[in-house]
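> Mind looking at a prediction? Sequence and model below.
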Amino acid sequence: MRTFHGITELTAAVGAHVGYSNWHEVTQSQVNTFADATGDHQWIHVDAEKAAQGPFGTTIAHGYLTLSLVPMLVSEIYRVDGVKMAVNYGSNKVRFPAPVPVGSKVRAGVELLSVAPVAGGQLVTAKVVIEREGGDKPVCVAETVALVVA
């Protein structure tokens, strides 16, 4: 994990790739729980028998489940000391170029794009790329924005 000591040090890293998270397995239990939480019970996610005959040959994670892993994965990559808090502010762009078959392992990489002052703090924009172990394309590419309050 990379530690930045304050906003000034974080700002100095803009344009840099700051690292990768650990690999995390996406389980059917996790997919089912996400389906229950969101009401999205599409068969490609929750019906293993039907999904085995479908286009992916197995159940796959919801795209938004993959996106929801971003805070956990990024927390393994870097942190900023000397700030009061950081909260999700949103995303400028999100894409899901490839599926995440259940049982796959995923990890994230982060590139810092900008740190910009706003009322109440700094907006930190990062490009987060989630890849699947053994995959040839990313499974999620998101430009995320966090509000960091010093």
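Happy to help now that I have it. Everything numeric in this text was worked out from a predicted model, so none of it was measured.

> Skipping adjacent residues, who's closest to A108 in space?
The shortest distance from A108 to any non-neighbouring residue, by CB to CB, 6 or more residues apart in numbering, is to L73 (3.7 Å). C-beta here means a position set from N, CA and C on the backbone, and glycine is covered the same way.

> would the one you found count as being in a helix?
Yes - counting by DSSP: H, G, I helix; E, B strand; the rest coil, L73 falls inside a helix.

> my guess is it meets W23, correct?
No - assessed by CB atoms under 8 Å, L73 is found out of contact with W23, at 9.9 Å.

> May I have the phi/psi pair for G54?
With angles defined as degrees, to the nearest 10, G54 sits at phi -90, psi -170.

> element containing the residue nearest to it when sequence neighbours are not counted, please.
Leaving aside its sequence neighbours, G54 sits nearest to I44 (CB to CB, 6+ apart; 5.8 Å). Using DSSP states H and E, the element containing I44 is helix 43-46.

> what comes up buried for that helix?
Neighbour counts using 16 or more other CB atoms under 10 Å place 44-46 of helix 43-46 among the buried residues.

> Quick check: mean pLDDT of it?
Here helix 43-46 scores 98 as its mean pLDDT.

> quick one: contacts of that helix?
With contacts defined as CB atoms under 8 Å, 6 or more residues apart in numbering, helix 43-46 is touched by 31-32, 34-35, 50-51, 54-56, 59-62.

> Please report how far the closest residue to I130 other than its chain neighbours lies from S104.
Distance criterion CB to CB, 6+ apart; nearest residue to I130, sequence neighbours excluded, is C140 at 4.1 Å. According to CB to CB, to the nearest Å, C140 and S104 sit 12 Å apart.

> neighbour count winner among the two?
Neighbour tally, C140 and S104, criterion other CB atoms under 10 Å: the higher count belongs to C140, 26 against 20.

> pretty sure V31 belongs to a helix, no?
Yes - assignment of V31 by three-state DSSP places it within a helix.

> Okay, now the sheet partners of whichever strand or helix holds A116, with direction.
When elements are assigned from DSSP H and E, A116 belongs to strand 105-118. Using DSSP bridges, the strands paired with strand 105-118 are strand 17-20 (antiparallel), strand 24-25 (antiparallel), strand 121-132 (antiparallel).
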